[in-house]
Structure formats: C-alpha cells, structure tokens
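Asker: Whatever this is, show me its structure:
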Amino acid sequence: MQRKELAQLLQDLLDGGASIGQTMERIGLEPYLETGQGLNLDMRRGIRTGIPEVVFGAGKSKEQLITAVKHLARAQNKVLVTRLEADAGNALTEMFPGGEYHELPGLFVLEQDMDLDHPWNGEAEAMIISAGGADLPVALEAYACLKFFGHTPGLVSDVGVAGLHRLFPHLPKISKARILIVIAGMEGALPSVLAGLSPVPIVAVPTSVGYGTSLGGITPMLAMLTSCAPGISVVNIDNGFGAACFAFKVLENRKSEVRSQRSEN
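Answerer: Numbering: from 1, shown residues only. This next block holds a predicted model:
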C-alpha cells in the first residue's frame, strides 16, 4: 500500500465512508514481506486473525531464522519462534540479547518474559492439564503461545490416569475455566476423563510420548477422536501451538460477544 492509498483509506474512515472493521480488513490484506531467503513474512496476520505470525523453527536455517526474527521484531516488537533445537535457539539468543531460549519446549521469545520456570498458576480462563511429566514440553509450548497472544493460562501437570486421584484437588478451578487444553500421550485417556467430569469444552492434544504401540502419538490421537465423552476437539500430535490458537480464538470470540451485548444494552 502506497502512502497516497493509505491516506485515502484513513480519510474515508474519518469521513464515515468506511467502518473501522472495513479499514482494518483492507490494511490486513496488504502484501507480505519477501525476505529473499525463501521466506514470505505475513506482517499483518495479527490484524486479520488476532494471532500474529509465529515462526516455525524446525527445518529453517540459522540465517532464515535470524532474518525472520529481525523483520518481525521491527513490525511487532515481540517475536515467538517454536520448535527449535538448542543450537539454533542459542544462536538466536546471541544475535538478539533481548530474547531468551527455553530448551524444554524448544522456544525462543523476544521481548516478553514467559516465566516458564514457574508457570503453575491458579484459576484462569484457559487451563492446561498435562497427563504426564513427559508431556510437559508440549504443555509449555501451549502455555507460552497463549501468553504470547495475551492470555496467561493456568497449568496443572502430571495428573494422568495412572494416579487419577492427583487430578481431583484441581477440579474446582478446572471447572471455572472457559476452555481446557488437555495433553496426553500413552493411551490418551485424560481428555475423556475430564470431559466426563467438567462442563468446560476441551481441546485435546495427543503427544508422541509412549511405548511401541503408542505409534508415536497415533494411538492417543485415535483414542481422543473416538472418545465417548462429548465436548472434545482434537489437534495434531504434539501440537501445543495449534491448541493454544484454538483456545485463544474461543476466548477472544467470547470477549467480542460480551462487548457486543454491553453496547446493545
């Protein structure tokens, strides 16, 4: 968009010829940034969808990652990169002193404190429940993504069905949430248990944690998809990011409905 076009767009808004929503939609559909390294950065994704571009780190070179972080930082200040090995994560930390690499979930975060060493919050609109301690990397990915998007979730870890009594003390705060992200490997039973105990909608995340016939997460994924307990949706294996995006949109949609109701009253 050229300066003249942008000026006309803003003038239309001031004159009442276009609504705020129409103006944001037009700006949000403007071209992406071509970096020349095989990357086309969607600089205005946050305007269109509410979720800014997050860099998927796996498979990208260090040069591509550095370029992506540099350009995104100019446009939106804070930046999140997921699925990073330690070598790439440490390289980003050296290049961007304002950032931090979190090895367990494989995340690099620029200009935002995630506090991933102490994420055990109490009540929250979004609660993340992890079946086993080995599922924690995926749980922390979901936690960090939601926090990056503007929500601070609660996190309960290691309360799977092998010792189900560990879950019961947390049920009161879990039932007050608006959405649950439930993460489990092995046989993937925890989402079904919670769907039978709680009135809260669930997005279930199968993980690749498990022995041979877990089949790298396929078994828990199929178990979640075939659950007899209603109110569960399922994302891909180890996809904490996808679960966080789903939960965020549910929460933001609810906020929009509340604002609309208040304006009507």
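Asker: Tell me which residue is most central in this structure.
Answerer: Centroid-nearest residue in the chain, with C-alpha atoms, centre = their mean: residue 244, separated by 3.0 Å.
Asker: for it, what are its contacts?
Answerer: Contacts for residue 244 (C-beta atoms under 8 Å, 6 or more residues apart in numbering) come out as 141, 142, 143, 145, 146, 149, 181. Quick note: C-beta positions are derived from backbone N, CA and C, even for glycine.
Asker: Just say helix, strand or coil for it.
Answerer: helix (DSSP: H, G, I helix; E, B strand; the rest coil).
Asker: how many other residues sit next to the closest residue to residue 250 other than its chain neighbours?
Answerer: The shortest distance from residue 250 to any non-neighbouring residue, by C-beta to C-beta, 6 or more residues apart in numbering, is to residue 179 (5.1 Å). Residue 179: 23 surrounding residues under other C-beta atoms under 10 Å.
Asker: cool, residue 144 as well?
Answerer: When neighbours are counted by other C-beta under 10 Å, residue 144 registers 25.
Asker: next one: residue 236
Answerer: Residues near residue 236, counting by other C-beta under 10 Å: 12.
Asker: The one 4 residues further on now?
Answerer: One way to gauge burial is a neighbour count; for residue 240, by other C-beta under 10 Å, it gives 28.
Asker: Just list the residues touching it, thanks.
Answerer: Contacts of residue 240 (C-beta under 8 Å, 6+ apart): 105, 138, 139, 140, 141, 142, 143, 145, 181, 183, 205.
Asker: If we use 6 Å, what do you get?
Answerer: By C-beta atoms under 6 Å, 6 or more residues apart in numbering, the contact set of residue 240 is 138, 141, 142.
Asker: And these, which is closest to residue 50?
Answerer: residue 142 (16.9 Å; C-beta to C-beta).
Asker: roughly how far apart are that closest one and residue 135?
Answerer: For residue 142, the distance to residue 135 (C-beta to C-beta, to the nearest Å) stands at 10 Å.
Asker: Could you do residue 208 as well?
Answerer: Distance from residue 208 to residue 135, by C-beta to C-beta: 10 Å.
Asker: Look at the two and report which has more neighbours.
Answerer: When neighbours are counted by other C-beta under 10 Å, residue 135 comes out ahead of the other of residue 208 and residue 135, with 28 against 17.
Asker: the helices in the stretch 151-265 of the chain, which residues?
Answerer: Ranges of helices in the stretch 151-265 of the chain, per DSSP state H, counting those that start in this stretch, are 171-175, 190-197, 218-225, 240-264.
Asker: Now render these as CSV, adding mean pLDDT and distance to residue 97.
Answerer: Converted to CSV, those look like this (pLDDT from 0 to 100; distance: least, C-beta to C-beta, whole Å):
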stretch, mean pLDDT, distance to residue 97
helix 171-175, 91, 37
helix 190-197, 95, 40
helix 218-225, 96, 40
helix 240-264, 78, 25
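Asker: closest one to residue 13 among those?
Answerer: Nearest to residue 13, of the helices of the stretch 151-265 of the chain and by C-beta to C-beta, is helix 240-264 at 19.2 Å.
Asker: before we move on, the earlier item: residue 212: which of the contacts of residue 240 is nearest?
Answerer: Nearest to residue 212 among the contacts of residue 240, with distances taken as C-beta to C-beta, is residue 138, at 20.1 Å.
Asker: before we move on, the earlier item: ok, for the residue nearest to the centre of the chain, nearest residue in space, not its chain neighbours?
Answerer: residue 145 is the one closest to residue 244 (C-beta to C-beta, 6+ apart), at 3.6 Å.
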